[in-house]
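Asker: Here you go, sequence then predicted model.
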Amino acid sequence: ETIDRLTGAIARKLQKAHDTFDIENAKILKREQKITDRFAHHIQRSAQLFEDERATRVAKFLTLDEDCRDTERHDDRAEERHIA
């Protein structure tokens, strides 16, 4: 009877430890999944930001080129009027 009682107590403690481990393990897995998801989102967002920056840079350089050409044409016309 004493052995049965002690065995039952030990079995309950082991089951409780096992349940606690499962709960803690589930929490850790959920936390890791959140971190992994945030990292994947960060990678996507960073890639999009780099692409947006590249597109902005290209647009600004095209605008700058157009402005330079407009200024050159304006200066050429002014020079032609001045010479004529």
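Answerer: Arrived safely, thanks for sending. Quick caveat, the model's predicted, so the values are computed rather than measured.

Asker: so where is the protein shaky, pLDDT-wise?
Answerer: Within the chain, no stretch has pLDDT under 70.

Asker: residues near Asp70, how many?
Answerer: Neighbour count for Asp70, taken as other Cβ atoms under 10 Å: 10. C-betas here are computed from N, CA, C, even on glycine.

Asker: no wait, Arg57
Answerer: Using other Cβ under 10 Å, Arg57 has 10 neighbouring residues.

Asker: Arg69 too?
Answerer: That count, for Arg69 with other Cβ under 10 Å as the rule, works out to 10.

Asker: Quick check: which element contains it?
Answerer: helix 2-83 (DSSP states H and E).

Asker: from the chain's centre, how far out does that helix sit?
Answerer: 0 Å (Cα atoms, centre = their mean, to the nearest Å).

Asker: please begin residue numbering at 24 from this point
Answerer: Taking 24 as the first residue, the last one we looked at is helix 25-106.

Asker: Return the list of helices and strands in contact with it.
Answerer: Here helix 25-106 touches no other helix or strand, going by 3 or more Cβ pairs under 8 Å, 6 or more residues apart in numbering; DSSP states H and E.

Asker: Return the distance of the residue nearest the centre of the chain relative to Ile58.
Answerer: When the chain is reduced to its mean C-alpha position, the nearest residue by Cα atoms, centre = their mean turns out to be His65, at 0.6 Å. With distances taken as Cβ to Cβ, to the nearest Å, His65 is found 10 Å from Ile58.

Asker: Likewise for Arg96?
Answerer: Counting by Cβ to Cβ, the gap from Arg96 to Ile58 is 57 Å.

Asker: cool, and Arg77?
Answerer: Counting by Cβ to Cβ - Arg77 and Ile58 are separated by 29 Å.

Asker: Then Glu103?
Answerer: 67 Å.
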